[in-house]
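Asker: need a 3D model of the following:
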Amino acid sequence: MNEIPSQAPAAFLTTDRAGRIDGATTTNTSSSLHTPTIHHPIPDKASPEQHSHKTDESQATKNKLTNAAKTLQVLKWFIKDQWFLLAMGAVVLVSSQVQVPASQQRIKRTVITYLAVSVIFFINGCTLDTRVMLANYMRWKLHIFVQLQCYLVCSAATFAIVSLCATNPHFMDPWLLIGFLFVGSAPTTMSSNVVMTRQAHGNAALTVVQSVIGQFLCPFLTPIILQMYLSTGSWYSKVLQRGSGYADIYQRVFMQLGLSLFLPMLLGQIVQRLFPKTTKKVFFDWKLLKLSSIALLTMVWQTFDQAFSSGAFEAVKPSNIIFIVFITIALYMIWLAICFTAASLWLPKKDVIACCYCCPAKALAMVVPLTSVMYINIDPVNQSKMQIPAIIFQAFQVAIGGIMTIGFRKWIRPEEEREEAEKLVEAGARN
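Answerer: Purely as a prediction, here's the structure:
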């Protein structure tokens, strides 16, 4: 009789039912021998299809998180870069709901027109180099190019489109067509041009110079150009009665130029000359250049507040308003395309950007007094109708100009990087 040990060897404690010991297989010799077994949990091995499905789900979750992060990043960038465009939309919305009382409209318009423009050009005086300004004033060929584009090319394109739109007298209001001719014959604007050119990394000094020259020429050129187009005998021009003279235009324009442009610019240049480090710190390091954009927002608000207060939009058929929007966009893009194509042939990129903001943009501040003085016996409703194209055009020129800053910055970036590299090389050579 075989003797059964009183205690099983330790090795047997790790055997399973098949008698595996440390990887070696043994066979039990007696069925009566029952060795204790310890069962180790065997992991549940998923099939390749299940494993692939889990991997796909994990990857899809990661992709969703990545896409959400990218979307949030793009949204933050757009808000930071195009805050002015969003703020302008909010300003127009507010002005459509709440307006300044009619009795205070004149005071509001005068204060904001002078104060906002003064702030913009005072900041330009503090931040633009005097030598650069003088150098841009000496570029007479460029002055001729820009002013011809602004006065003759723009007005001719506008007259062509107005003539096409005037084929049906029962569709378009004659006062709207006349208003478009005023827009096409107006000079370039001062405030938004400079703000947008600076944001697009263009030649802001050139924009200031062209704005000043354009505004100075306005009282002399705009009435002549308008009379040339309105004396063709077209049906829409017969509603007008000629005014007696232009003394009021000259007085208003030159007073505004002196008080809101020349004087603030001169004061800004003096401040920059006396405190160069302080002005650089305040406007560049502390980001107070944005005050120009805020001042421009107040001008946009003033324009739309006056339009909604006078009921100008209610006096025009909705179909005409929609048509005005499309014509406005078409006019701006046509003027922009002509200017960009012509300027790119012979000007550096910074100057091209400045020209693209000067030539298509129009000054609402000049259109409004011209419509009030050039022609007489116009009732307030028709006066408001005549100003609607200029009001809508200003909104779109600011909006499109803000969007254009993105493309212009991307277009000029290689040139800026090359100039920066050349400066570093020159600095290294000096050291």
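Asker: contact partners for residue 208?
Answerer: 121, 124, 128, 133, 136, 194, 265 (CB atoms under 8 Å, 6 or more residues apart in numbering). All C-beta spots, glycine's among them, are computed from the backbone N, C-alpha and C.
Asker: so what pLDDT did the third one get?
Answerer: Per-residue confidence at residue 128 stands at 86 (pLDDT).
Asker: what about the closest residue to residue 189 other than its chain neighbours, how many residues nearby?
Answerer: Nearest residue to residue 189 in three dimensions, chain neighbours excluded: residue 363, at 4.1 Å (CB to CB, 6 or more residues apart in numbering). Neighbours of residue 363 under the rule other CB atoms under 10 Å: 25.
Asker: is it true that residue 363 touches residue 187?
Answerer: Yes: with contact defined as CB atoms under 8 Å, residue 363 and residue 187 form a contacting pair (5.3 Å).
Asker: so what sits against both of those two?
Answerer: What both residue 363 and residue 187 touch, as defined by CB under 8 Å, 6+ apart, is the set 214-215, 218.
Asker: using TSV, lay out these together with distance to residue 203 and secondary structure.
Answerer: Output for the shared contacts of residue 363 and residue 187, formatted as TSV (distance: CB to CB, whole Å; DSSP: H, G, I helix; E, B strand; the rest coil):
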residue	distance to residue 203	secondary structure
214	16	helix
215	18	helix
218	22	helix
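Asker: mark which of the residues you listed are buried, thanks.
Answerer: 214-215, 218 (16 or more other CB atoms under 10 Å).
Asker: JSON lines for those residues, including distance to residue 284 and pLDDT?
Answerer: Output for those, formatted as JSON lines (distance: CB to CB, whole Å; pLDDT from 0 to 100):
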{"residue": "214", "distance to residue 284": "28", "pLDDT": "91"}
{"residue": "215", "distance to residue 284": "27", "pLDDT": "84"}
{"residue": "218", "distance to residue 284": "33", "pLDDT": "85"}
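Asker: quick check, nearest of those to residue 171?
Answerer: residue 218 (31.1 Å; CB to CB).
Asker: what sits against the closest one?
Answerer: So residue 218 contacts 186-187, 253, 363, 366 (CB under 8 Å, 6+ apart).
Asker: max pairwise distance over the residues you listed: which two?
Answerer: 186 and 253 (11.6 Å).
Asker: of those two, which one has the most company?
Answerer: Between residue 186 and residue 253, residue 186 has the larger neighbour count (other CB under 10 Å), namely 30 against 22.
Asker: from residue 107, how far off is the more buried one?
Answerer: Distance, residue 186 to residue 107, using CB to CB, to the nearest Å: 25 Å.
Asker: give me the low-pLDDT residue ranges for the stretch 301-431 of the chain?
Answerer: Applying pLDDT under 70 to the stretch 301-431 of the chain picks out residues 369, 372-373, 376.
Asker: change it to 80
Answerer: Applying pLDDT under 80 to the stretch 301-431 of the chain flags residues 312, 364-381, 383-384, 427-431.
Asker: where's residue 315 relative to residue 81, distance?
Answerer: 37 Å.
Asker: how about residue 319?
Answerer: Counting by CB to CB, the gap from residue 319 to residue 81 is 35 Å.
Asker: repeat for residue 286
Answerer: In terms of CB to CB, residue 286 sits 19 Å off from residue 81.
Asker: who has more neighbours out of the two?
Answerer: A side-by-side neighbour count of residue 286 and residue 81, using other CB under 10 Å, places residue 81 first with 14 against 10.
Asker: residue 406 is in contact with the more buried one, correct?
Answerer: Yes: contact criterion CB under 8 Å: residue 81 and residue 406 qualify, at 6.9 Å.
Asker: what's the neighbour count on the closest residue in space to residue 389 that isn't next to it in sequence?
Answerer: Nearest non-adjacent residue to residue 389, counting by CB to CB, 6+ apart: residue 179, 3.9 Å away. Neighbours of residue 179 under the rule other CB under 10 Å: 27.
Asker: tell me how far residue 179 lies from residue 149.
Answerer: 21 Å.
Asker: just the strands in the stretch 101-250 of the chain please.
Answerer: Along the stretch 101-250 of the chain, no stretch is classed among the strands by DSSP state E, counting those that start in this stretch.
Asker: can you give me the helices in it?
Answerer: Counting by DSSP state H, counting those that start in this stretch, the stretch 101-250 of the chain has these helices, from start to end: 105-127, 130-137, 140-148, 154-165, 174-185, 191-199, 204-230, 247-257.
Asker: quick one, the longest one and helix 105-127 angle?
Answerer: What separates the directions of helix 204-230 and helix 105-127 is an angle of 140 degrees, with axes from the mean of the first three to the mean of the last three CA atoms, to 10 degrees.
Asker: and for residue 104, the neighbour number?
Answerer: 12.
Asker: same check on residue 251?
Answerer: 13.
Asker: before we move on, what about residue 261?
Answerer: Using other CB under 10 Å, residue 261 has 25 other residues around it.
Asker: what sits against the residue lying closest to it once chain neighbours are set aside?
Answerer: Closest residue to residue 261 apart from its sequence neighbours, by CB to CB, 6+ apart: residue 121 at 5.2 Å. Applying CB under 8 Å, 6+ apart to residue 121 gives the contacts 190, 194, 208, 260-261, 264-265, 268.
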